[in-house]
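1. Below: sequence and its predicted model.
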Amino acid sequence: MILLTGGAGYIGSHMLLALLQRGDDVVVLDNLSTGSKQVFDHVCRISGSNAEFVQGDIRDTDLLNIVFSRLPIDTVIHMAGLKSVSQSVVEPLRYYDNNVVGSINLLNVMRNFGVKKLLFASSISASKPCSPYAQSKSIVDEAMKDMAASDDTYSFISLRYSNPIGCYDVTLADTSQDNLLPAIMRVINGEQSYLTIFGNDYDTPDGTAMRDYVHILDVVDASLLALDYLDNHHGHHCLPVGSGKSTSVMRILELFAQQTNQCLPYVIKARRTGDTADSHCDISQACQQLGWQPKHSIYDAIASTTNFSITKGL
Ligand SMILES: O=c1ccn([C@@H]2O[C@H](COP(=O)(O)OP(=O)(O)O[C@H]3O[C@H](CO)[C@@H](O)[C@H](O)[C@H]3O)[C@@H](O)[C@H]2O)c(=O)[nH]1
């Protein structure tokens, strides 16, 4: 049985759907601080199967002990965590507490119950941390590496995701406050009058920051293959997962404008603390080791996100 932490969140719910579709037995642990039970229920409904849901926090050792002793968990997919770079600059301890303390707690309980297989949702930003968020991911990657070095029966993988976008359907779309795509969607839906672009003085072709935006369905494909990979590979593995291409904030906005046939207002403000100009994601290792290839374009991702507005005539 697989324990999926954060299974009611954006990446986690897409992962849950794929696991249920391939017939895996799953228990989701989520504290619902950013995830939603409706999203979890929706995934169960569209997959036609059920997963167990436990509302709780990865920092709650007693709860983890109960879950691990009650259920035959042999694999953990750890996707619970806070993910906003900018928020982490304002509330660093909250990020270290959730992302680092929570993960170490989970690792401890896994060790105590002899659970050896772990996939961790890390971030491409962990390869050169510039924010408490990125640092928190990097620390967990390091802890996993050291733990795997101490006992060669562990099979651990840190997938350093770039910027996942798009959705299986709009109920599963990312709704987080700080990320670019949800912000653009709020402008399209009229909940926000304009998009704030944080910085147009980066050393990039159009001056706005560039990221590797990857379709969430490609992220999930890579993650499923990574789980299979762990069946035959011990130790700690760390692989960047993205599309391999960088796109600027301005270009993303243009693509949305084309897709929705409307002009999307924006204002330029100062750079956001913790942001970087670009995030390079070399996916060759993931392609080679996992036998994976991203299949979905950025256009598909944007179309999947805007579907709702278009069908509602917005
Ligand atoms: O209203 C907005 C929101 C974002 N941006 C810019 O858009 C880019 C992307 O920002 P965002 O969507 O917030 O993503 P990141 O800050 O790159 O962080 C995301 O991508 C990381 C990997 O790169 C993940 O690990 C993080 O969890 C995830 O939040 C950045 O240049 C932001 O400054 C804007 O200009 N306006």
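-> Done, it's in.

2. Which residues of the chain lie near the ligand?
-> With the criterion set to CB under 6 Å from any ligand atom, the chain comes near the ligand through 83-85, 123-125, 162-163, 178-180, 183, 195-198, 209, 211, 249, 272, 275, 279. Quick note: C-beta positions are derived from backbone N, CA and C, even for glycine.

3. For stretch 96-103, list every residue counted as buried.
-> Tyr96, Asn98, Asn99, Val100, Gly102, Ser103 (16 or more other CB atoms under 10 Å).

4. Break down the stretch 51-200 of the chain into its helices, ranges please.
-> Assigned by DSSP state H, counting those that start in this stretch, the stretch 51-200 of the chain shows helices spanning 61-70, 85-90, 92-95, 102-112, 132-150, 180-188.

5. what about stretch 69-84, how long is it end to end?
-> 33 Å (CA to CA, to the nearest Å).

6. do the same with stretch 189-196
-> End-to-end distance for stretch 189-196: 15 Å, by CA to CA.

7. neighbouring contacts of it?
-> Applying CB atoms under 8 Å, 6 or more residues apart in numbering, the external contacts of stretch 189-196 come out as 183-184, 186-187, 253, 264-269, 309, 314.

8. which of these count as buried?
-> Buried, going by 16+ other CB under 10 Å: Ala183, Ile184, Val187, Leu253, Tyr266, Ser309, out of the contacts of stretch 189-196.

9. What mean pLDDT does stretch 158-171 get?
-> For stretch 158-171, mean pLDDT is 97.

10. What residues of it count as buried?
-> Applying 16+ other CB under 10 Å to stretch 158-171 flags Ser158, Leu159, Arg160, Tyr161, Ser162, Asn163, Pro164, Ile165, Gly166, Cys167, Tyr168, Thr171 as buried.

11. Show me the residues you listed that map onto strands.
-> Ser158, Leu159, Arg160, Tyr161, Asn163, Pro164, Ile165 (DSSP state E).

12. mind listing what His42 touches?
-> Ser13, Thr171, Leu172.

13. ok now the lowest-mean-pLDDT helix or strand in the chain, how far from the chain's centre?
-> When the helices and strands of the chain are scored by mean pLDDT, DSSP states H and E, helix 298-311 comes last with a mean of 79. In terms of CA atoms, centre = their mean, to the nearest Å, the centre of helix 298-311 is found 19 Å from the chain centre.

14. Against which helices or strands is that helix packed?
-> Contact partners of helix 298-311 among helices and strands, from 3 or more CB pairs under 8 Å, 6 or more residues apart in numbering; DSSP states H and E: strand 163-165, helix 180-188, strand 213-215, helix 249-260.

15. Quick check: closest non-adjacent residue to the closest residue to the ligand within the stretch 201-314 of the chain.
-> Closest residue of the stretch 201-314 of the chain to the ligand, CB to the nearest ligand atom: Ala209 (3.1 Å). Among residues not flanking Ala209 along the chain, Tyr202 sits closest, at 5.2 Å (CB to CB, 6 or more residues apart in numbering).
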